[in-house]
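Student: Turn this into a structure:
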Amino acid sequence: MHKVVPSRGKSHASRLLIAKVVIVVLHGVGIVGLSLPEYQDWFLQLTPVQLLSSLFILLFFHRGWNDAFPIFAAAAFWIGFGSEIIGIHTGYLFGDYVYGPTLGPKLWEVPIIIGVN
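Tutor: Prediction:
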């Protein structure tokens, strides 16, 4: 069964609002930065930082921590990562494409961070 976690009160709501604003601002700044040719390379290099920041914020506010959650998280990671491996090597699913160096270290030609996307 799922546990229902009671509300944590006003301070939790304030932190949640701040986190939402941070995510919107990060995405907004990224959109603007990527649209400006003189800053595009720099903003591309920040993509992994943005992905990890969003993941940490999501995990910080996750309420359903139980023994099954790590299994679900690992399955989600490997299903997403596996889909990309199939896509890269076969062209099925998403068409023909490759990943450049922007997203960091790769395993089987797929950036490892893709699993958290």
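Student: Mind giving me the packing neighbours of the longest helix anywhere in the chain?
Tutor: Identified as the longest helix of the chain according to DSSP state H is helix 10-35. Helices and strands touching helix 10-35, as assessed by 3 or more Cβ pairs under 8 Å, 6 or more residues apart in numbering; DSSP states H and E, comprise helix 40-45, helix 47-61. Every residue, glycine included, has its C-beta placed from N, CA and C.
Student: Between helix 47-61 and it, find me the angle.
Tutor: If you take axes from the mean of the first three to the mean of the last three Cα atoms, to 10 degrees, helix 10-35 sits at 170 degrees to helix 47-61.
Student: residues contacting the residue lying closest to residue 111 once chain neighbours are set aside?
Tutor: Distances taken as Cβ to Cβ, 6 or more residues apart in numbering put residue 103 closest to residue 111, at 3.4 Å, once the chain neighbours are dropped. Contacts for residue 103 were tallied using Cβ atoms under 8 Å, 6 or more residues apart in numbering; they are 47, 48, 111, 113, 114.
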